[in-house]
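1. need the 3D shape of this:
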Amino acid sequence: MNKELIRNFSIIAHIDHGKSTLADRILELTGAVDMRHTRDQLLDDMDLERERGITIKASMVRLSYRSKDGKDYILNLIDTPGHVDFTYEVSKSLAACEGAVLVIDAAQGIEAQTVANYYLAKDNNLKIIPVINKIDLTAIDIPRVKRQITSVLGFAEEEIIMASAKSAIGVDQILERIIEVIPAPSGEDAHPLKALVFDCRFDTFKGVVVFVRVVDGEINMRTPIKMMHSGMTYKIEELGVFRDLKYTRAESLTCGEVGYFTANMRDPREIIIGDTLTDAKNPCPEALAGYRVLKPLVFCGIYPVNPGDFSSLRDAMDKLKLSDASFVFEPESSQSFGTGFRCGFLGLLHMEIAQERLEREYDLNLILTVPNVVYRIRKRDGEIIEADTPSKLPPANDIQEAEEPYVSLLMIIPMDTIDVVCEFTKTRRGIFKSSEYLGEDRIKLIFEIPLSDIIVDFYDKMKSLTRGYGSLDYEFKGYIPVKLVKLDILINNNPCDAFSSLMHKEKAMSKAHALVGRLKELIPRQVFEVTIQAAVGSQILASERIRPLGKHVTGKCYGGDITRKRKLWEGQKEGKKRLKQFGKVQIPQEAFLEILKI
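-> Presented below is the predicted three-dimensional model:
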């Protein structure tokens, strides 16, 4: 394959600006899909993606396109997610490309992820093509959006392409611009094989399918391959490209091409995303830089409802890790739920999607514990530990200083909502840093804010305050000192570790009352009295009691001496006392999900 005729590019944008629709039109225009069997979101192969209308996993496809210059080009297209929780999918996709199509909604204009993805592409030295999408809508102001693009992102007005992905307006112009401005892949065919592992999937029949971008050299069926970081060597079983939404075998992949291979790998843990692939007999001198390791920001415990499903859950997590490299997990045990896993995520939506994928794709029934961020604890003996779960917090007299993670929060909001948004952000301990006007009616705000204050409901409330027009993006910055406490929930004086959480001291009282009040509504009445308490150390902050179910033990006593009734009452009293001591309170699964929302 002549590498001068190859173009590798991604489509990037803020969530819901039309990336997947544009990818659909490109697939149709290049003849990659039979029009009789077409559907929306062609590259989104998960039911979850179609139901929610969002892209979760970056998808790659190889297309053939005859340009107006009469030449036949190979286009390797990667459609990426737009939500902040899936930024890692975008960053690893951009590393396999030379260019990116930046899609901007004609009605919404520039939003937070537009800016974030633009800088991600610039950091990878990609050629960026700006596209204003949805120009056939009625309530749009194209001159305003053009001014935003030229002033904020620095493009010239003549570089902007006007398009409507839904109506296929301007799609051919985008393809011609890709051929014209995005450079062909660099690299040398004569050099030893060097390829980047940028994605993986698990196929029931093929095993682990590894997607690679060949940077130097050539790979064919006879090449004995070696992973440079893991040191593992393999014999290729199948080699090919993902053409027209199907696995298509190929004899070889040359410099600049993107394709896949299988090597009878059954253990997903053998593959490291970002690893460098080389020839085992003639290795390249040094590995590629790979990807920056993204540390999870939110942690929670995941346990099977049925303890016998533990091994199935482990296998499912190994396979999920293969298609989602930012997901991490390690085994842990809980007094309440037995054995499970401590899992790390990039955000709350990422956590929710991972739970749904595990339950749907692997037929599991799961319980999640309260999410926590990672706190850094400096002990009096000088040791520094990371506490991502309440059980890892040392006793209060052993702690010299506790630190919590904080982020740089970027928000783009309408001008008339600036007061309410700033007030709300300050109630979440946000510190204002800077602002910048984006045209006449939008403003960009930057705050520094503790991560624990934005992971749960901050995005939803900010959307409400801005009538749906606000958007946000955040980036981890470092750690700041915090007065940290561990809030325990006691049910009949027994700690329930699933409800324990770490938090700022000032929030403990309000959180204690909210948790206890909600649990009183959610836990069904038992045949004995249930006491629910929230405590920090030995101090009880809030307490509620659930009255026992009544039983009329003397209902069948007709006449006779009062001592007969007293005997029954005393027996019932002793029975309830014994039950309160040994009886187990049944907590419904809905209670755990509702507590997440608090």
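2. in the stretch 451-598 of the chain, which spans are strands?
-> Using DSSP state E, counting those that start in this stretch, the strands of the stretch 451-598 of the chain run over 471-482, 484-491, 494-495, 501-504, 530-536, 539-546.
3. of all these, which one is nearest Thr87?
-> Nearest of those to Thr87, taken as C-beta to C-beta: strand 471-482 at 8.2 Å. C-betas here are computed from N, CA, C, even on glycine.
4. tell me the mean pLDDT over that closest one?
-> Strand 471-482 shows a mean pLDDT of 82.
5. check stretch 351-361 too.
-> Here stretch 351-361 scores 84 as its mean pLDDT.
6. what are the buried residues along that stretch?
-> Met351, Ile353, Ala354, Gln355, Glu356, Arg357, Leu358 (16 or more other C-beta atoms under 10 Å).
7. quick revisit: export the strands of the stretch 451-598 of the chain as CSV, with columns for mean neighbour count.
-> Formatted as CSV, the entries for these read as follows, by neighbours: other C-beta atoms under 10 Å:
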stretch, mean neighbour count
strand 471-482, 17
strand 484-491, 20
strand 494-495, 14
strand 501-504, 22
strand 530-536, 19
strand 539-546, 16
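8. nearest to Leu277 among those would be which one?
-> Taking C-beta to C-beta, strand 471-482 is the member of these nearest to Leu277, at 29.9 Å.
9. export the buried residues of stretch 351-361 to a markdown table and append columns for distance to Leu120 and secondary structure.
-> Formatted as a markdown table, those follow (distance: C-beta to C-beta, whole Å; DSSP: H, G, I helix; E, B strand; the rest coil):
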| residue | distance to Leu120 | secondary structure |
| --- | --- | --- |
| Met351 | 22 | helix |
| Ile353 | 21 | helix |
| Ala354 | 22 | helix |
| Gln355 | 27 | helix |
| Glu356 | 26 | helix |
| Arg357 | 24 | helix |
| Leu358 | 28 | helix |
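10. can I get the strands of the stretch 451-598 of the chain in TSV including distance to Arg144?
-> Converted to TSV, the strands of the stretch 451-598 of the chain look like this (distance: least, C-beta to C-beta, whole Å):
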stretch	distance to Arg144
strand 471-482	16
strand 484-491	46
strand 494-495	56
strand 501-504	41
strand 530-536	50
strand 539-546	50
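11. and those strands: which comes nearest Leu126?
-> Among these, strand 471-482 comes nearest to Leu126, with 18.7 Å by C-beta to C-beta.
12. so which helix or strand takes in Asp24?
-> Per DSSP states H and E, Asp24 falls inside helix 19-29.
13. that helix - contacts with which helices or strands?
-> Using 3 or more C-beta pairs under 8 Å, 6 or more residues apart in numbering; DSSP states H and E as the contact test, the elements touching helix 19-29 are strand 6-13, strand 59-66, strand 72-79, strand 99-105, strand 127-133, helix 171-181.
14. can you check what angle separates the first one from strand 127-133?
-> Spelled out, it's strand 6-13. Interaxial angle of strand 6-13 relative to strand 127-133 (axes from the mean of the first three to the mean of the last three C-alpha atoms, to 10 degrees): 50 degrees.
15. tell me the strands beside strand 6-13, with direction?
-> Its sheet considered, strand 6-13 pairs with strand 72-79 (parallel), strand 99-105 (parallel) by DSSP bridges.
16. SS state for Pro185?
-> coil (DSSP: H, G, I helix; E, B strand; the rest coil).
17. now do the contacts for it.
-> Taking C-beta atoms under 8 Å, 6 or more residues apart in numbering as the criterion, Pro185 is in contact with Lys3, Ile6, Asn8, Glu98, Val215, Cys255, Gly256, Glu257.
18. give me the distance between it and Pro81.
-> Separation of Pro185 from Pro81 (C-beta to C-beta, to the nearest Å): 24 Å.
19. buried set for the biggest strand by length in the chain?
-> Ranked by residue count and defined by DSSP state E, the top strand of the chain is strand 399-414. Residues of strand 399-414 classed as buried under the neighbour-count rule (16+ other C-beta under 10 Å) are 399, 402-407, 409-414.
20. stretch 433-449 now?
-> For stretch 433-449, burial by neighbour count (16+ other C-beta under 10 Å) applies to Leu438, Gly439, Arg442, Ile443, Lys444, Leu445, Phe447, Glu448, Ile449.
21. same thing with stretch 363-378?
-> Here stretch 363-378 shows 364, 366-377 as buried, counting by 16+ other C-beta under 10 Å.
22. got the residues you listed as JSON lines, with secondary structure columns?
-> JSON lines is the format used below for the buried residues of stretch 363-378 (three-state DSSP):
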{"residue": "Leu364", "secondary structure": "coil"}
{"residue": "Leu366", "secondary structure": "strand"}
{"residue": "Ile367", "secondary structure": "strand"}
{"residue": "Leu368", "secondary structure": "strand"}
{"residue": "Thr369", "secondary structure": "coil"}
{"residue": "Val370", "secondary structure": "coil"}
{"residue": "Pro371", "secondary structure": "coil"}
{"residue": "Asn372", "secondary structure": "strand"}
{"residue": "Val373", "secondary structure": "coil"}
{"residue": "Val374", "secondary structure": "coil"}
{"residue": "Tyr375", "secondary structure": "strand"}
{"residue": "Arg376", "secondary structure": "strand"}
{"residue": "Ile377", "secondary structure": "strand"}
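23. any idea which of those is closest to Leu297?
-> Proximity of the buried residues of stretch 363-378 to Leu297 was ranked by C-beta to C-beta; the top entry is Val373 with 6.3 Å.
24. I'd say that closest one and Pro296 touch.
-> No. With contact defined as C-beta atoms under 8 Å, Val373 does not reach Pro296; the gap is 9.4 Å.
25. does the nearest residue to Arg269 once chain neighbours are set aside count as helix, strand or coil?
-> Using C-beta to C-beta, 6 or more residues apart in numbering and skipping residues adjacent in sequence, the residue nearest Arg269 is Asp318, 6.0 Å away. Here Asp318 is recorded as helix under three-state DSSP.
26. nearest to Glu423, of the helices and strands packed on helix 19-29?
-> Closest to Glu423 of the helices and strands packed on helix 19-29, according to C-beta to C-beta: strand 99-105, at 27.7 Å.
27. now tell me what touches the closest one from outside.
-> Applying C-beta under 8 Å, 6+ apart, the set of residues contacting strand 99-105 from outside is 7-14, 16-19, 22, 94, 110-111, 114, 117-118, 121, 126-134, 145, 149, 153, 165, 174, 178, 181-183.
28. give me phi/psi at Asp16?
-> phi 70, psi 30 (degrees, to the nearest 10).
29. neighbours of it, how many?
-> 15 (other C-beta atoms under 10 Å).
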